[in-house]
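Chemist: this one's sequence-less:
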C-alpha cells in the first residue's frame, strides 16, 4: 500500500513537471486565431480576441484609428496616487484605456518608475540608472510618447535637467558590464506626453526585444507574465494589447512572444507596458480581460487612453 501510494505520487510529480515545463517553453510562432468581436465600439475602433489552447494563451487587441481618436497619457489624481483604469474611464471621456508604466507598490509616497509626462506637465523625470547586484547601470529605457502633432513615437529615452532626450538605440548594457552614457548620440525629444515602461519589443516592423540592454535581466519582467503592450502601425493607428496569465487556460507570454503578437497586427513599433496583475484593458467602461484570473482590476498610477476626436 505504501509502495503504491509512493508510485502514484511519483507519477503525479512527473506529470506536473512535464506539464509545467511544456507550458513554460517559449514558442517560435503562435497562431492566435484572432477573431473580430461583434461589440459595437465608437469611432471605428475594432476589438479582436485570440486564443491558442496548446500554449495556452488568451489575448485581446484593440485597433484604434488615428483619424478618429486621440491618444493621451493620464495620471491618477487621487490622494494615494492610484486608480483602477475603470475609475479613470469614468473621470474622462476615454473609449479605451490600458494600464501604463511601472510604479512603486507599497511605498509612500507612491512614485512612477521612470519618465511620466502628461498634458505637457512633467510628473516624473526618467530614472537614468538602476542598481543590479551592486553594479550601477546607466539606462535609456523604452518610452511611448505623443508628439505635438498628435502622432505617436516609441524610442529609448532619458531626461537631463527635466528635458527629454531620445536615442536611436539602447545603451549596450550586459549583465556585469554597465554601459556609459553619451548625450552626443541623443536628440532633444520634443513631445507633449511620454511614459517609460519597457522594454521595447518591435522596431521598424521587426522583433527587437531589448530587455538586456534596458537592464530588465534578473527581474520578473523577463519571464512568462500577464502582459500589456502598446504599438502603432505605419499610418499612425494605435494597437493596444493585453495577454492574460497565471491561469490554467492562459499562462501569459514571454516578451518575444508578445512582440510576435504585435507584429501580427503590423506594428511598426511596440513597447511592453507594466504587466502582471496590473494588465487591464477597459472598453466603454467594461473590463475586457481577466487579470491573473481575479476578474477585477488593480489600482495603478498611469494609463494610456483613446479619446474620441
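Modeler: It's in. Note that the structure is a prediction, hence the values are computed from the model and not measured.
Chemist: Please point out which parts of stretch 137-148 sit buried.
Modeler: 137-146 (16 or more other Cβ atoms under 10 Å). Any C-beta I mention is one placed from the backbone N, CA and C, and that applies to glycine too.
Chemist: What separates the first and last residues of that stretch, distance-wise?
Modeler: End-to-end distance of stretch 137-148 (Cα to Cα, to the nearest Å): 31 Å.
Chemist: now it, how far from the centre of its chain.
Modeler: 13 Å (Cα atoms, centre = their mean, to the nearest Å).
Chemist: One more: stretch 82-98?
Modeler: Averaging C-alpha positions (Cα atoms, centre = their mean) puts stretch 82-98 17 Å from its chain's average.
Chemist: For the residue nearest the centre of the chain, give its distance to residue 175.
Modeler: Most central in the chain under Cα atoms, centre = their mean is residue 273, positioned 1.9 Å from the mean C-alpha point. Separation of residue 273 from residue 175 (Cβ to Cβ, to the nearest Å) stands at 24 Å.
Chemist: Please apply the same query to residue 82.
Modeler: Taking Cβ to Cβ, one finds residue 82 at 33 Å from residue 175.
Chemist: Please apply the same query to residue 70.
Modeler: For residue 70, the distance to residue 175 - Cβ to Cβ - is 40 Å.
Chemist: Same question for residue 27.
Modeler: Separation of residue 27 from residue 175 (Cβ to Cβ) stands at 25 Å.
Chemist: again, but for residue 126
Modeler: 22 Å.
Chemist: So those two - more neighbours on which side?
Modeler: Applying other Cβ atoms under 10 Å to residue 126 and residue 175 shows that residue 126 carries more neighbours, namely 23 against 13.
Chemist: ok, the more buried one touching residue 116?
Modeler: No - here residue 126 does not reach residue 116: they are 9.1 Å apart, not a contact under Cβ atoms under 8 Å.
Chemist: low-confidence ranges in the stretch 1-150 of the chain?
Modeler: 1-23 (pLDDT under 70).
Chemist: let's go with 90 and repeat that
Modeler: Across the stretch 1-150 of the chain, the ranges flagged by pLDDT under 90 are 1-25, 39-40, 42, 77, 79-80, 89-91, 105-109, 127.
Chemist: One more: the stretch 201-309 of the chain?
Modeler: For the stretch 201-309 of the chain, the stretches with pLDDT under 90 are 292-296.
Chemist: how about the helices in it?
Modeler: 255-264 (DSSP state H, counting those that start in this stretch).
Chemist: Spell out the residue ranges of the strands in it.
Modeler: Counting by DSSP state E, counting those that start in this stretch, the stretch 201-309 of the chain has these strands, from start to end: 206-207, 227-232, 238-243, 269-272, 281-283, 286-287, 302-308.
Chemist: Paired strands for the fifth one, with orientation please.
Modeler: By that I understand strand 281-283. Sheet pairing of strand 281-283 (DSSP bridges) gives strand 96-99 (antiparallel), strand 286-287 (antiparallel).
Chemist: Dump those strands to CSV, plus distance to residue 86 and mean neighbour count.
Modeler: Formatted as CSV, these follow (distance: least, Cβ to Cβ, whole Å; neighbours: other Cβ atoms under 10 Å):
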stretch, distance to residue 86, mean neighbour count
strand 96-99, 8, 27
strand 286-287, 7, 14
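Chemist: which one of these lies closest to residue 224?
Modeler: Comparison of the strands paired with strand 281-283 against residue 224 by Cβ to Cβ identifies strand 96-99 as nearest, at 18.4 Å.
Chemist: hang on, the earlier thing: out of the strands paired with strand 281-283, which gets nearest to residue 62?
Modeler: strand 96-99 (5.5 Å).
Chemist: now for whichever helix or strand comes after that closest one, which elements pack on it?
Modeler: Proceeding N to C from strand 96-99, the next assigned helix or strand is strand 116-118, under DSSP states H and E. Under the contact definition 3 or more Cβ pairs under 8 Å, 6 or more residues apart in numbering; DSSP states H and E, strand 116-118 sits against strand 69-75, strand 121-124, strand 191-196.
Chemist: next SSE after the longest one?
Modeler: Of the helices and strands lying after strand 69-75 in sequence (DSSP H and E), the nearest is helix 85-91.
Chemist: So what touches that following helix?
Modeler: With Cβ atoms under 8 Å, 6 or more residues apart in numbering as the test, helix 85-91 has contacts from 74, 76-77, 83, 94, 97-99, 280-282, 285, 287, 297, 300, 303, 305.
Chemist: Whichever of the residues you listed end up buried, select them in ChimeraX.
Modeler: Buried residues within those, by 16+ other Cβ under 10 Å, are selected in ChimeraX with:
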select :74,76,83,94,97,98,99,280,281,282,287,297,300,303,305
